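quick one, fold the following:
(chains A and B)
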2 protein chains.
Amino acid sequence: MKARVTVTLKQGVLDPQGKAIEGALKSLGIDGVASVRQGKVFDVEVPGGDRGRAEAALKEAAERLLANTVIEDYRVEIVG
Amino acid sequence: MKARVTVTLKQGVLDPQGKAIEGALKSLGIDGVASVRQGKVFDVEVPGGDRGRAEAALKEAAERLLANTVIEDYRVEIVG
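Numbering: from 1, shown residues only, chains lettered A, B, ... in the order given. Model prediction:
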């Protein structure tokens, strides 16, 4: 079973990396981008077919390792 | 207009970070995860309503800055 965990900064948390990318895009002359916020995705292979068990394991992985839940949100999706 | 650019390693490209996460999950006692591959997401605000123009700008941004197209794939999605 394939799953994806997407981790993004919470609203209101400053994203210096995103700001740096905005500046770099401008200096490359790529306009039409107002703001950029960077996050992470984890494509995870989960053995077996038990969706509930997979979601629980991924939620625990996100809570304990993949996301800093003080400043980040995460979303678990079973994709196939 | 909101868009998301997702950048992931190409198939076959070794992901040491993903391997490290796999190891860390095991040492945390979180089983049920066979493999992990890490990527990046960029949530981008694009002014105006011209989808075509937005997609072109984001494609250029991905090609020239957000993705290393030798080892990474990218996907542009207009989300709202």
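
for chain A, what spans make up the helices?
With DSSP state H as the criterion, chain A has helices at A:16-27, A:51-61.

show me what the shortest one is packed against.
Helix A:51-61 makes packing contacts with strand A:2-9, strand A:72-78 when contacts are defined by 3 or more CB pairs under 8 Å, 6 or more residues apart in numbering or on different chains; DSSP states H and E. C-betas here are computed from N, CA, C, even on glycine.

near chain B, which residues of chain A?
A:6, A:8, A:18, A:21, A:24-25, A:28, A:30-48, A:53-54, A:57-58, A:60-61, A:64-66 (CB under 8 Å from any CB of the partner chain).

in ChimeraX, select just the buried ones from the residues you listed.
Here is the ChimeraX selection string for the buried members of the residues of chain A next to chain B, based on 16 or more other CB atoms under 10 Å in any protein chain shown:
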select /A:6,8,18,21,25,30,32,33,36,37,38,39,40,41,42,43,44,46,54,57,58,60,61,65,66
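
how about the nearest residue to residue A:22, chain neighbours excluded?
In space, residue A:22 comes closest to residue A:36 once its chain neighbours are excluded; the distance is 5.1 Å by CB to CB, 6 or more residues apart in numbering or on different chains.

got the contact list for that neighbour?
A:15, A:18-19, A:21-22, A:25, B:42-45 (CB atoms under 8 Å, 6 or more residues apart in numbering or on different chains).

hmm, who's touching stretch A:57-74?
A:3, A:5-10, A:13, A:39-40, A:42, A:44, A:46, A:76, B:21, B:24-25, B:28, B:30-33.
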